[in-house]
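In: Quick one: sequence and predicted model below, then my questions.
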Amino acid sequence: MNDQPVARRTKILATLGPATDAPGVLDDLLRAGVDVVRLNFSHGDPSGQIARAEALRAAAERVGKEVGILCDLPGPKIRIETFADNKVMLNAGDKFALVAREDAPPGDETQVGVSYLGLPQDVKPGDLLLLDDGMMQLLVDRVDGDTIHTTVQNNGVLSNRKGLNKLGGGLSLGALTEKDKELIGVAAQIKADFIAVSFCRNAEDMNEARRVAQSFGSDAHMVSKIERAEAIENLVEIVGASDVVMVARGDLGVEIGDAELPGLQKKIIREALDQSRIVITATQMLQSMVESPIPTRAEVLDVANAVIDGTDAVMLSQESAAGAYPVKSVEAMARICLGAERQFHNETNFEKAKRDLKRADQAIAMAAMFLSEHINVRAIVAMTDTGGTARFLSRYRSTANIFAMSGYDAARRRMTLMRDVQPVKFDYRGISAREATRFATKQLFDLGYLNVGDQIIVTNGDEMDRRGGTNTLRLLQVGLDGKAVGLASL
């Protein structure tokens, strides 16, 4: 009798970096549970990221696992420029100026240049500027032309190229820089499955990024990183223009304040799920594991709460890219996700489910989940070209496993971020829907995912190999030979 171990439903996204470049580490990361890797374009050069993508695909082939690639654009990160002596000591009460000029002199204890030359137009007296993730705070006194005069609010060391945020947001620069547009071309060359847009403000930022990607021949799914106060104000439209949403808690926490962050995380996750979008929770989830082989209890609870809130994926940043324990970090993340998933069963409230469904595959997905909630179903098997049906299925929480059968490599990789979904390579082109169902069931049986007598739900289209054509749901039972036997269909 087949008896596969319990599958983790929440997906793990891990950032690649120097810590993952050593021989064998990528293979170990994939075996430990990584589903998608992140290439952070804020660091390194394009040739290095291309090499990492090639190494990742070779490792995935060796391990025998579907793995997606997410390319994360730098975006318009505002930074101070450099100091003559690399850093300065500032004390509360000191007067300190920010100079928004290309020919700003090297910084000292009285002033430093800034990368965003439009900053003087975006600030006014009384605004609080946060540098180095809020470690240094400057209160704006006045603005004179291209110079912002401030008073230092706390003691601390300020060093070269630290980031700058404005408390409450309100900076007018757009999300895509010219450098970002060039890097989208690199992502297209890599054949990235996902492209993340940093510091997006509105739906148009996402639409522009998609147009640029398409101009390079890329059909990557677009990820909106919610990390600006303006993005919260435009959350509904941004989610609607995205394929994936990321709760980017670093800069978001700096701009809106730590106290508001937990509630906003839940709000963003709910909005993504309501609009049938994939959602990632990111930033400092296991930060202590950069140096420690085990996480803190607070980090365990943080990851578990994101899982319970319904996030599709949780992300490792510095922990995997530059930490001392990249593989242990993934193993810890996987354990925490499994533990959180065991502690609750989130039944879908179909009374509150949307009634104005506009697509047949959405209706079929809802019907499949409703049926799985009321009868003993081992698995839901979705025949899908693009992954659309699998995405809709994954929005409704169920105890049944979802196997997404597709013959398209790009579609399977894009499904690696979907909670509850396990993509499986299966080429049904050229055969009938009934033949495809029988062969797919047999393949899952041979892989150990199904047992004789299991009841399963299969979704597909009358015409196989037609995108968006899912219009059929069948309730089947696994026969003695591992192939499906019909019980009912609609």
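Out: On my side now, so go ahead.
In: In space, what's closest to Ala229 - neighbours in sequence excluded?
Out: Of all residues not flanking Ala229 in the chain, Gly169 sits nearest, at 2.6 Å (CB to CB, 6 or more residues apart in numbering). Quick note: C-beta positions are derived from backbone N, CA and C, even for glycine.
In: Let me fix that, I meant to ask about Gly323.
Out: Of all residues not flanking Gly323 in the chain, Val290 sits nearest, at 4.0 Å (CB to CB, 6+ apart).
In: Let me see the contact set for the one you found.
Out: Applying CB atoms under 8 Å, 6 or more residues apart in numbering to Val290 gives the contacts Gln318, Glu319, Ala322, Gly323, Ala324.
In: Give me the buried entries from those.
Out: Buried members of the contacts of Val290, scored by 16 or more other CB atoms under 10 Å, are Gln318, Glu319, Gly323.
In: Format the contacts of Val290 as a markdown table; extra columns: distance to Tyr449 and secondary structure.
Out: Listed next are these as a markdown table, based on distance: CB to CB, whole Å; DSSP: H, G, I helix; E, B strand; the rest coil:
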| residue | distance to Tyr449 | secondary structure |
| --- | --- | --- |
| Gln318 | 35 | helix |
| Glu319 | 31 | helix |
| Ala322 | 37 | coil |
| Gly323 | 34 | coil |
| Ala324 | 36 | coil |
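In: quick one: which of those residues is nearest to Leu393?
Out: Lowest distance from Leu393 to those (CB to CB) belongs to Glu319, with 30.6 Å.
In: sorry, back to before: from Val254, how far out is the residue nearest to Ala229?
Out: In this view, Gly169 and Val254 are 10 Å apart by CB to CB, to the nearest Å.
In: go on, Ala175?
Out: Going from Ala175 to Val254 by CB to CB gives 17 Å.
In: related to what we said a few turns ago, out of the contacts of Val290, which is nearest to Val36?
Out: The nearest member of the contacts of Val290 to Val36, counting by CB to CB, is Glu319 at 15.1 Å.
In: Report pLDDT for that closest one.
Out: For Glu319, the pLDDT comes out at 97.
In: Secondary structure element holding the closest residue to it other than its chain neighbours?
Out: Distances taken as CB to CB, 6+ apart put Ser329 closest to Glu319, at 4.2 Å, once the chain neighbours are dropped. Here Ser329 sits within helix 326-342, counting by DSSP states H and E.
In: Could you pull out the buried residues of that helix?
Out: Those would be 326-334, 336-338, 340-341, for helix 326-342 by 16+ other CB under 10 Å.
In: Repeat that for stretch 83-96.
Out: Buried residues in stretch 83-96, counted by 16+ other CB under 10 Å: Phe83, Val88, Leu90, Asp94, Phe96.
In: Also stretch 369-380?
Out: Residues of stretch 369-380 classed as buried under the neighbour-count rule (16+ other CB under 10 Å) are Met369, Leu371, Ser372, Glu373, Val377, Arg378, Ala379, Ile380.
In: now the residues you listed as JSON lines including distance to Leu164 and pLDDT?
Out: Shown next, in JSON lines, are these (distance: CB to CB, whole Å; pLDDT from 0 to 100):
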{"residue": "Met369", "distance to Leu164": "46", "pLDDT": "86"}
{"residue": "Leu371", "distance to Leu164": "53", "pLDDT": "87"}
{"residue": "Ser372", "distance to Leu164": "50", "pLDDT": "85"}
{"residue": "Glu373", "distance to Leu164": "50", "pLDDT": "81"}
{"residue": "Val377", "distance to Leu164": "53", "pLDDT": "89"}
{"residue": "Arg378", "distance to Leu164": "53", "pLDDT": "90"}
{"residue": "Ala379", "distance to Leu164": "50", "pLDDT": "92"}
{"residue": "Ile380", "distance to Leu164": "48", "pLDDT": "94"}
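In: in the stretch 301-450 of the chain, what spans have low per-residue confidence?
Out: Along the stretch 301-450 of the chain, segments meeting pLDDT under 70 span 344-358.
In: All the helices of it, in order from the start?
Out: Listed in chain order, the helices of the stretch 301-450 of the chain (DSSP state H, counting those that start in this stretch) span 318-321, 326-342, 360-374, 388-395, 409-414, 433-446.
In: among those, which is nearest Pro262?
Out: With CB to CB as the criterion, Pro262 lies closest to helix 326-342 of the helices of the stretch 301-450 of the chain, at 16.3 Å.
In: Remind me what that closest one packs against, helices and strands.
Out: Counting contacts by 3 or more CB pairs under 8 Å, 6 or more residues apart in numbering; DSSP states H and E, helix 326-342 is packed against strand 11-15, helix 25-32, helix 297-309, strand 313-316, helix 318-321.
In: For it, what is the distance to the chain centroid?
Out: Relative to its chain's centre, helix 326-342 lies at 17 Å (CA atoms, centre = their mean, to the nearest Å).
In: List the contacts of that helix.
Out: For helix 326-342, the surrounding residues in contact (CB under 8 Å, 6+ apart) are 6, 8-10, 12, 14, 19-20, 25, 28-29, 32-34, 285-286, 289, 293-295, 300, 303-305, 307-308, 314, 316, 319-320, 323.
In: Quick check: ChimeraX command selecting the buried ones in these.
Out: For the buried members of these, the matching ChimeraX selection, counting by 16+ other CB under 10 Å, is:
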select :8,9,10,12,14,19,20,25,28,29,32,33,34,285,286,289,295,300,303,304,307,314,316,319,320,323
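In: Make CSV from the helices and strands packed on helix 326-342 and add distance to Glu102 to it.
Out: Listed next are the helices and strands packed on helix 326-342 as CSV, based on distance: least, CB to CB, whole Å:
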stretch, distance to Glu102
strand 11-15, 32
helix 25-32, 41
helix 297-309, 42
strand 313-316, 36
helix 318-321, 32
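In: Quick check, Asn234 in contact with Asn202.
Out: Yes: the pair Asn234 / Asn202 is scored as a contact, 4.6 Å apart, by CB atoms under 8 Å.
In: ok, for Ala324, nearest residue in space, not its chain neighbours?
Out: Spatial nearest neighbour of Ala324, chain neighbours left out: Glu291 (5.9 Å); criterion: CB to CB, 6+ apart.
In: That concludes my questions; thank you for your assistance.
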